[in-house]
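A.B. asks: What follows is a protein structure lacking sequence information:
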Ligand code: DI6
Ligand code: FE
């Protein structure tokens with residue numbers, strides 16, 4: 001059965017080629033077999049192309065957003081500790097009440113695969129409602145072999161239950177679990193690396209991530225995980241320089257990682273290393289906002305160095321309980337002074353690159369027909385408004 005092409009006409013498109021808007025007025029975009037068959041000025045549409053026409057009344061069409069950094073699969077929430085803290089509880093008291101990342105680990109270990117999927121789906125649906133067609137999902141709240149695998153299986157299942165591409169990242173090196181307190185090296189050797197091998201054997205890991213931080217793992221410990229990733233031919237990415245500077249970005253660059261993420265404490269040497277390695281900087285303003293961090297990532301220096309900047313939600317129950325890619329774009333502009341054009345490029349073309357995907361994130365013939373049609377005319381409107389969802393329709397692989 002051959003499906004008739006769909007021709008989107010009377011629209012404005014932002015192609016996002018080379019990270020720029022690349023605005024085309026009075027455009028036409030032809031979708032066929034899940035791909036963009038042709039895109040350009042309507043006046044230039046080749047006469048040989050026939051298909052069903054969808055008139056968009058001047059609406060803006062962009063590449064569909066890609067949320068390239070999420071921990072959306074997890075059990076429970078941390079509203080209780082949020083409330084405790086705002087009622088004056090200290091970090092200590094929150095920890096003693098079982099709060100913090102440990103509480104999410106306990107809830108996630110207790111959850112079945114069905115529970116994990118059921119709890120994640122409303123969050124996923126909120127993302128898709130803003131046009132997202134590709135979501136990265138990390139493990140990292142199991143911190144034992146079985147639960148890490150279960151999280152990744154839940155992530156894969158979400159990709160079958162919804163029209164969304166799921167890219168998984170194994171994040172066994174996210175935190176030292178209470179059962180290995182004070183024994184981070186043993187955790188890496190006895191749990192994290194075996195779990196990574198098992199995840200790979202089951203086809204559950206598209207990439208390998210880690211948290212390089214004083215409260216998590218040292219560069220040497222991350223390097224052991226990354227050596228295993230390299231042996232398995234899996235790409236890497238890293239939570240780096242979020243709360244301090246341990247040289248995580250340079251470590252990521254040494255492994256030619258797809259991305260280094262957070263980067264509030266990134267220095268010039270890290271920027272130079274990322275630039276040389278082609279590592280994307282993933283900017284996560286939701287965590288900065290929630291943690292009331294005051295040191296912003298060096299956006300101006302990254303821009304000057306030509307390091308591509310992606311923007312993502314970091315959706316997680318502790319430091320970024322946020323499902324909105326549009327709000328992440330808004331925060332990237334207002335908190336970090338990224339331009340609306342950079343924010344849109346960050347949520348499309350550069351986000352795709354942060355996942356190693358070159359088949360999406362731009363409107364160019366031959367790429368996947370992953371598109372978002374918005375009830376706006378100027379692309380800056382996407383990052384500008386707060387609490388409004390202007391999505392008109394989303395195409396994922398050419399289908400609504
Ligand atoms: N950085 C963060 O901000 C989160 N994980 C990470 O690597 C915190 C996750 C949590 O608190 O649940
Ligand atoms: Fe994260």
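C.D. replies: Here it is on my side, so go on. In this text, all values refer to a predicted model and were calculated from it rather than measured experimentally. Numbers count the residues shown, from 1 in each chain. Ligands and ions are numbered 1, 2, ... in the order given.

A.B. asks: For the stretch 251-400 of the chain, which residue gets nearest to ligand 1?
C.D. replies: residue 318 (2.2 Å; C-beta to the nearest ligand atom). Backbone N, C-alpha and C define where each C-beta goes, glycine included.

A.B. asks: List the residues that contact that residue.
C.D. replies: 78, 100, 101, 104 (C-beta atoms under 8 Å, 6 or more residues apart in numbering).

A.B. asks: Widest-spaced pair of those residues?
C.D. replies: The largest separation in the contacts of residue 318, counting by C-beta to C-beta, is between 78 and 101 at 8.9 Å.

A.B. asks: Any stretches of the stretch 251-400 of the chain with poor pLDDT?
C.D. replies: Applying pLDDT under 70 to the stretch 251-400 of the chain flags no residue at all.

A.B. asks: Which parts of it are helices?
C.D. replies: Taking DSSP state H, counting those that start in this stretch, the helices of the stretch 251-400 of the chain run over residues 268-277, 285-290, 299-305, 325-336, 340-346, 349-354, 380-384.

A.B. asks: roughly how far apart are the residue of the chain most remote from its centre and ligand 1?
C.D. replies: Computed with C-alpha atoms, centre = their mean, the residue of the chain farthest from its C-alpha average is residue 47, at 39.3 Å. As judged by C-beta to the nearest ligand atom, to the nearest Å, residue 47 and ligand 1 stand 54 Å apart.

A.B. asks: where's that residue, which helix or strand?
C.D. replies: Under DSSP states H and E, no helix or strand contains residue 47.

A.B. asks: If I look at it, what pLDDT would I see?
C.D. replies: Listed pLDDT for residue 47 reads 93.

A.B. asks: Ramachandran coordinates for it?
C.D. replies: Phi and psi for residue 47, reported as degrees, to the nearest 10, are phi -70, psi -20.

A.B. asks: Ok, residue 45 next?
C.D. replies: phi -60, psi 120.

A.B. asks: Which of the three states applies to the closest residue to it other than its chain neighbours?
C.D. replies: Setting aside the residues directly before and after it, residue 45 is nearest to residue 28 in space (C-beta to C-beta, 6 or more residues apart in numbering), at 4.8 Å. Three-state assignment for residue 28 (DSSP: H, G, I helix; E, B strand; the rest coil): strand.

A.B. asks: For residue 28, list the residues it contacts.
C.D. replies: So residue 28 contacts 7, 8, 9, 11, 38, 39, 40, 41, 42, 45 (C-beta under 8 Å, 6+ apart).

A.B. asks: and the fourth one, how many neighbours?
C.D. replies: When counting by other C-beta atoms under 10 Å, one arrives at 23 neighbours for residue 11.

A.B. asks: For it, what is the enclosing helix or strand?
C.D. replies: Using DSSP H and E, residue 11 falls in strand 6-14.

A.B. asks: contacting residues for the most centrally placed residue in the chain?
C.D. replies: For the chain, the residue nearest the mean C-alpha position is residue 68 (1.8 Å; C-alpha atoms, centre = their mean). By C-beta under 8 Å, 6+ apart, residue 68 lies in contact with 134, 136, 259, 282, 310, 312, 351, 352, 354, 355.

A.B. asks: Now do it against residue 5, distance only.
C.D. replies: 30 Å (C-beta to C-beta, to the nearest Å).

A.B. asks: same deal with residue 287?
C.D. replies: In terms of C-beta to C-beta, residue 287 sits 42 Å off from residue 5.

A.B. asks: for residue 57, what are its contacts?
C.D. replies: residue 10.

A.B. asks: Compute the number of surrounding residues for residue 227.
C.D. replies: Neighbours of residue 227 using other C-beta under 10 Å come to 12.

A.B. asks: quick one: contacts for it?
C.D. replies: Contacts of residue 227 (C-beta under 8 Å, 6+ apart): none.

A.B. asks: pretty sure it belongs to a helix, no?
C.D. replies: Yes. Judged by three-state DSSP, residue 227 forms part of a helix.
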